[in-house]
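S.K.: everything below, folded, please.
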Amino acid sequence: MKNFLKNHGIWVLFAGAVIAAALALMSFFNASPLVNITGVLTSPFRSGYTAVATWFNDKQAYYKDIKALEAENAALKKTIAEMEETVRQAQADRDENELLRQLLGLRAQRRDLSDLEAATITERSVTNWVSSFTLNKGTTHGVEVGNSVIDATGALVGVISEAGYNWSTVLTTVDTDTSLGARVFRTKELGIAQGDFSLMGEDLLRLDYLPSDADLLAGDLVETSGLGGFYPSGLVIGYVKEVRMDDSGASSYAIVTPAADLDALTEVFVVKSFEIVT
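M.R.: Modelled structure (predicted):
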């Protein structure tokens, strides 16, 4: 031992001085060797915990944002639905007001049509064999079989063939089961306006039982005659397209284009009562 100190004493003293200085420095910075060692060993775990905590907080914030966006989206959808309903109601109100204006106009023009019922077409049945409409008005509204149906201009659309509690069926002027007294406005010649199988697909009808020397021209106006009192007089049926002779050569008939645009109609008026004008 004496020999060791003798030979290495200077190094022992130097090492002790270094250790003392290191301990003094650590003491100065309030950190013990054990604390430093613990810090070094736990540093990776602290980093991992921090990363996990940060990820969890980010996910939680993202989830909250998603929920907030979903709630906002649901609120926007509800607002849009309410606005669309408001627009639909406004459109329905405008349509109703327009229909009422047309009704007032008709009543002013045709004072003989004393009782008109506005109706909406809810269904169409247009084939090679049938041309009819279903209306949303029926017996509870005073609609009866045989009532005439007109458009907003007063042109004849057809005749009620069936009437239920809150619905009715209209046979149009081109349907083969439609037949009514007619008169050519210019010449006053009388005939029968009726549907024809060969013409119905073209939205045309015939004016039959005209005299062989009938003086009809293309464009002549054809209206209801009112004879017999079944239908109002003076309802415009349509316009002469051309005049033809029948197979016997004893009489002629006219091809008539309806005045009412049967394909475009959505609203009509049922003539529930009228005054006979002679």
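S.K.: going forward, measure contacts between C-alpha atoms and count neighbours the same way
M.R.: Fine.
S.K.: so what's the residue count around Ser125?
M.R.: 14 (other C-alpha atoms under 10 Å).
S.K.: hang on, isn't it packed against Phe133?
M.R.: Yes - judged on C-alpha atoms under 8 Å, Ser125 makes contact with Phe133 at a distance of 6.1 Å.
S.K.: which residues touch the helix or strand hosting Ala182?
M.R.: Using DSSP states H and E, Ala182 falls within strand 179-184. Under the criterion C-alpha atoms under 8 Å, 6 or more residues apart in numbering, residues 173, 189-195, 207, 220-227 lie in contact with strand 179-184.
S.K.: swap in stretch 194-208?
M.R.: Identification of contacts with stretch 194-208 by C-alpha under 8 Å, 6+ apart yields 127-129, 131, 173-180, 182, 191-193, 252-258, 262.
S.K.: cool, stretch 238-256 as well?
M.R.: 155, 204-214, 216-223, 257-260.
S.K.: on that earlier part again, just checking: what are the partner strands of the strand holding Ala182?
M.R.: Using DSSP bridges, strand 179-184 pairs in its sheet with strand 190-194 (antiparallel), strand 221-224 (antiparallel).
S.K.: hey, which of these is tucked in deepest?
M.R.: Most buried of the strands paired with strand 179-184, by mean neighbour count (mean count of other C-alpha atoms under 10 Å): strand 221-224, with a mean of 25.
S.K.: pull the CA atoms of the helix or strand just after that strand into PDB?
M.R.: Counting by DSSP H and E, the next helix or strand C-terminal to strand 221-224 is strand 236-245. The C-alpha trace of strand 236-245 is given here as PDB (Å, rounded to 0.1, in the frame of the first residue of the first chain):
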ATOM      1  CA  VAL A 236    -114.700  27.200 -78.700                       C
ATOM      2  CA  ILE A 237    -114.100  23.600 -79.800                       C
ATOM      3  CA  GLY A 238    -111.400  24.200 -82.300                       C
ATOM      4  CA  TYR A 239    -110.500  25.300 -85.800                       C
ATOM      5  CA  VAL A 240    -111.100  23.600 -89.200                       C
ATOM      6  CA  LYS A 241    -107.900  22.100 -90.600                       C
ATOM      7  CA  GLU A 242    -109.400  20.700 -93.800                       C
ATOM      8  CA  VAL A 243    -112.700  19.600 -95.400                       C
ATOM      9  CA  ARG A 244    -113.300  16.200 -96.900                       C
ATOM     10  CA  MET A 245    -116.200  14.300 -98.600                       C
END
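S.K.: strand 236-245 - what's its average pLDDT?
M.R.: Regarding strand 236-245, the rounded mean pLDDT is 92.
S.K.: the inter-axis angle of that strand versus strand 179-184?
M.R.: 80 degrees (axes from the mean of the first three to the mean of the last three C-alpha atoms, to 10 degrees).
S.K.: buried set for strand 236-245?
M.R.: Using 16 or more other C-alpha atoms under 10 Å as the test for burial, strand 236-245 gives 236-241, 243.
S.K.: can I get the residues you listed in CSV including distance to Glu117?
M.R.: Output for those, formatted as CSV (distance: C-alpha to C-alpha, whole Å):
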residue, distance to Glu117
Val236, 19
Ile237, 20
Gly238, 22
Tyr239, 26
Val240, 29
Lys241, 31
Val243, 36
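S.K.: on the three-state scheme, Glu144 is what?
M.R.: Three-state call for Glu144 (DSSP: H, G, I helix; E, B strand; the rest coil): coil.
S.K.: number of nearby residues for it?
M.R.: Quick note: Glu144 (other C-alpha under 10 Å) scores 21 neighbours.
S.K.: distance of it relative to Glu267?
M.R.: Separation of Glu144 from Glu267 (C-alpha to C-alpha, to the nearest Å) stands at 18 Å.
S.K.: do the same with Tyr165
M.R.: On the measure of C-alpha to C-alpha, Tyr165 and Glu267 end up 19 Å apart.
S.K.: between those two, tell me which one has more neighbours.
M.R.: Remark: of Tyr165 and Glu267, Glu267 carries more neighbours, 16 against 13, as counted by other C-alpha under 10 Å.
S.K.: pull the contacting residues for the nearest residue to that one once chain neighbours are set aside.
M.R.: In space, and not counting its chain neighbours, Glu267 is closest to Thr120: 4.6 Å by C-alpha to C-alpha, 6 or more residues apart in numbering. Contacts for Thr120 (C-alpha under 8 Å, 6+ apart) come out as 135-137, 266-268.
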